[in-house]
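[1] Sharing a model prediction with you, sequence too.
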Amino acid sequence: QVQLVESGGGLVQAGDSLRLSCTASGRTFSNYAMGWFRQAPGKEREFVAAISWIGGTTYYADSVKGRFTCFRDNAKNTVVLQMNSLKPEDTAIYYCAAALVRRGSSNQNEYDYWGQGTQVTVSS
């Protein structure tokens, strides 16, 4: 089992930045690729970003490319989503997830463990 806990969400204004963190416990964190997903009210959960097990490769949804950065610190069992230039449409619950694969993935079905989510609200 892997337990994931997200933190760092909050209420910000458009153009502001937020840093989300996800800390893992349980199994060896470096064995897992990590992903970030989000779900806005009334919408399906969607892919945001992913990072490979070592951290050498990252993937982003087109909607966040150039604004969001994902990185990990395997020594601290933490993956971070740095969100800049936030827009109201970024408002959602953000979830981190772990997949027992080396590469990252945008496919939610490949992820084995999920955090409880953290709310991000961006006002206009």
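    Received it, and whenever you're ready, just let me know what you need.

[2] From Val12, how far off is Ser52?
    29 Å (C-beta to C-beta, to the nearest Å). For every residue, glycine as well, the C-beta is placed using N, CA and C.

[3] do Asn107 as well
    From Asn107 over to Val12 the distance is 29 Å, taken as C-beta to C-beta.

[4] again, but for Lys65
    When Lys65 is compared with Val12 (using C-beta to C-beta), they lie 20 Å apart.

[5] how long is stretch 83-102 from one end to the other?
    Start and end residues of stretch 83-102 are separated by 24 Å (C-alpha to C-alpha, to the nearest Å).

[6] thinking again about what came up before, Asn107 and Val12: who's more crowded?
    Taking Asn107 and Val12 together and counting by other C-beta atoms under 10 Å, Val12 has the greater number of neighbours (17 against 11).

[7] which residues sit in contact with the more buried one?
    Leu18, Leu86, Val120, Thr121, Val122, Ser123 (C-beta atoms under 8 Å, 6 or more residues apart in numbering).

[8] Ala40 now?
    Residues in contact with Ala40 (C-beta under 8 Å, 6+ apart) are Glu89, Thr91, Ala92.
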